[in-house]
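Visitor: Sequence first, predicted coordinates after that:
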Amino acid sequence: MIENFSIVTSSRTQFIDITSRVAEIVEKSNLEEGICWIFVPHTTAAVTINEGADPSVPRDILEHLDRMIPQQESYHHLEGNSPAHIKSFLTGSSQVIIIREGKLLLGTWQSIYLCEFDGPRHRQVMVKIG
Ligand code: ZN
């Protein structure tokens, strides 16, 4: 089973918690044990898993990425969004999560995030359950 959903982002860089959207797809699949693959078909967005309890954590990650990969540096790519491509490259376009007893086997503090690095834009998240 493959599903996808859309996200409209609202800032240039942003983490959007998609855990409940993915969990709904897992629930709908009725699969008791298996794998959930999440894929973001974009070159300036990404998907990651990190702390969901404290919103300061995604904020710190975004601010640190901005310090590591400054917007004002000189880059070759003429579209002007090389920092977003580099952040996407570092973060990655997919995640794999084990499904056990019909639920995502995430750690207590873990959430799944769509990472926007060149927003605002319309983004797609693809989910394969198997
Ligand atoms: Zn580009």
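Guide: Yes, it's here.
Visitor: Point out the residues in this protein that sit beside the ion.
Guide: Glu79, Asn81 (C-beta under 5 Å from the ion). Every C-beta, even on glycine, is put in place using the N, C-alpha and C of the backbone.
Visitor: can you pull out the strands in the chain?
Guide: For the chain, applying DSSP state E gives strands covering 2-8, 14-17, 34-39, 45-51, 94-100, 103-104, 110-116, 122-129.
Visitor: now, of the ones you listed, which is deepest in the fold?
Guide: Ranked by mean neighbour count, the strands of the chain are led by strand 110-116 with a mean of 24 (mean count of other C-beta atoms under 10 Å).
Visitor: helices and strands around it, which ones?
Guide: In this structure, strand 110-116 packs against strand 14-17, helix 19-29, strand 45-51, helix 82-91, strand 122-129, with contacts taken as 3 or more C-beta pairs under 8 Å, 6 or more residues apart in numbering; DSSP states H and E.
Visitor: chain center to that strand, what's the gap?
Guide: 4 Å (C-alpha atoms, centre = their mean, to the nearest Å).
Visitor: quick one: strands adjacent to that strand?
Guide: Paired neighbours of strand 110-116 in the sheet (DSSP bridges): strand 14-17 (antiparallel), strand 45-51 (antiparallel).
Visitor: can I get the ones you listed in TSV with distance to Phe89 and mean pLDDT?
Guide: Formatted as TSV, the strands paired with strand 110-116 follow (distance: least, C-beta to C-beta, whole Å; pLDDT from 0 to 100):
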stretch	distance to Phe89	mean pLDDT
strand 14-17	17	98
strand 45-51	8	98
